[in-house]
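In: Next one to model:
(one chain, ligands or ions: 2)
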Amino acid sequence: MNATAKTNLLGLTRAELEAFVENMGEKPFRARQLLKWLYKRHEGDFDRMTDLAKSFRAKLHEVAEVRTPQIKVEQVSADGTRKWMLAMDGTQGIEMVFIPEPGRGTLCISSQVGCPVGCRFCASGLGGLDGNLSTGRIVEQVWRLARLPEVGRITNVVFMGMGEPLANYRNVVRATEILMDDLGFDISRRRVTVSTSGLVPQMLKLAEETNCALAVSLHAPNDALRDKLVPINRKHPIAELLEACWQYVNKQNARSITFEYVMLDGVNDQPSHAHELVELLKGQPAKVNLIPFNPFPQTRYRRSSPAAIERFRDILNANGVIATTRRTRGDDIDAACGQLVGRVNDRTTVRLGSKLISVAVHT
Ligand code: SAH
Ligand code: SF4
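Out: Ligands and ions are numbered 1, 2, ... in the order given. Prediction:
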């Protein structure tokens, strides 16, 4: 049997692994053992899975493998944020970012190569969509980085890299299942966050099928402005979007939805916008996360001034809407929100920031 005919176990859910081992004529508990080795202990070598029977390991070698892409480039920001590019098939690459903070480590992963939504302020959406990542390709981002000695414990995983996760619905849901499975990566449901630009039908489905945390990219307090900034708004306007958010909270018994709001100088950062936002969110289970805009070469937008951001945040807080400002991390290596462009066919790879302090190439 040649290598490509073997099943890559990375990306199989608990139920799928159970079916797989059953097909091999093995007992279901073998699947649970495998699940634990694979995802919880990040082990990819069957011979090191010491409590598996030798005969089972031999069979696994024949029919299965743990295949992961190569890490191509690693960059480390002056603030400790790290960015990697994983080689995908052929010419494509995707990017991930790890943000270490006291007591926690957040990994920001990608769900697609490029993005179909095309928000005007986002580098990932500039070139459109080049493809969906399979469940395996999503999960292996976490798996591969968890094995690196320089990466501390990954406590939080956020789908805030390249792509619109809910436009790759099935693969993303399966990935969240593996991330939250207590024999899988075992990350708490409140620490796996799917961020969406507002695909309402998929949000409603998500509420039925999983229980991860949800973040919604709002970015504007009225439809006229949001139509321009986040084109999906023309299909699913704000009222419809918010209705889906509150349904999500109810269904999930979740604490709240996080609303992301990118601060664009002179565009959506005026006190009047803050007051409009208050009207939308007051009294609701909502938190607002203000994201200072991260510029990239082809953009005409500018970041709001610190004073404008502070004023905006204060208006929200003073009117009963909890708001915080996201600290910008890794912007010297283009690892900040919206700067991930990956390598989409011929598009430029990683632009090296002037403050870059280290570049390592893993082979
Ligand atoms: N597609 C999903 C998730 C990926 S983007 C979504 O849009 O929610 C993660 C967050 O970064 C989103 O809130 C997105 O709007 C924001 N973002 C995109 N481009 C940005 C930029 N240039 N500066 C700051 N935030 C940006
Ligand atoms: Fe896609 Fe999100 Fe970027 Fe919009 S902000 S283009 S949805 S990745």
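In: you'd agree residue 215 is in a strand?
Out: Yes. Assessed by DSSP: H, G, I helix; E, B strand; the rest coil, residue 215 belongs to a strand.
In: got a list of what it touches?
Out: 158, 160, 193-196, 257-260, 289 (C-beta atoms under 8 Å, 6 or more residues apart in numbering). No exception for glycine: its C-beta is placed from N, CA and C like everyone else's.
In: Confirm that residue 36 lies within a helix, as I assumed.
Out: Yes. Counting by three-state DSSP, residue 36 is located in a helix.
In: ok, it touching residue 183?
Out: Yes. Residue 36 lies in contact with residue 183 (C-beta atoms under 8 Å); the separation is 5.1 Å.
In: Just give me the longest helix of the protein.
Out: The single longest helix within the chain, with elements called by DSSP state H, is helix 238-252.
In: Now do the buried residues in that one.
Out: 238, 241-242, 244-245, 248-249, 252 (16 or more other C-beta atoms under 10 Å).
In: CA atoms of the strand of greatest length in the chain as CSV?
Out: If each strand of the chain is counted by residues according to DSSP state E, the longest one is strand 93-101. Provided in CSV are the C-alpha atoms of strand 93-101 (Å, rounded to 0.1, in the frame of the first residue of the first chain):
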residue,chain,number,x,y,z
GLY,A,93,0.1,28.7,2.5
ILE,A,94,-1.9,29.7,5.5
GLU,A,95,-0.9,31.7,8.5
MET,A,96,-1.4,31.3,12.2
VAL,A,97,-0.6,33.6,15.1
PHE,A,98,0.2,32.7,18.7
ILE,A,99,-0.2,35.4,21.4
PRO,A,100,1.3,34.6,24.7
GLU,A,101,-0.1,36.5,27.7
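In: Return the set of buried residues in that strand.
Out: Those would be 93-100, for strand 93-101 by 16+ other C-beta under 10 Å.
In: which other helices and strands contact it?
Out: strand 82-87, strand 104-108, helix 135-146 (3 or more C-beta pairs under 8 Å, 6 or more residues apart in numbering; DSSP states H and E).
In: Secondary structure element holding residue 162?
Out: Assessed by DSSP states H and E, residue 162 sits outside every helix and strand.
In: how many neighbours does it have?
Out: Using other C-beta atoms under 10 Å, residue 162 has 29 other residues around it.
In: Over to residue 50?
Out: Residue 50 has 8 nearby residues by other C-beta under 10 Å.
In: Can you read off the pLDDT for it?
Out: pLDDT recorded at residue 50 is 93.
In: what do you get for the one 10 residues further on?
Out: Per-residue pLDDT puts residue 60 at 96.
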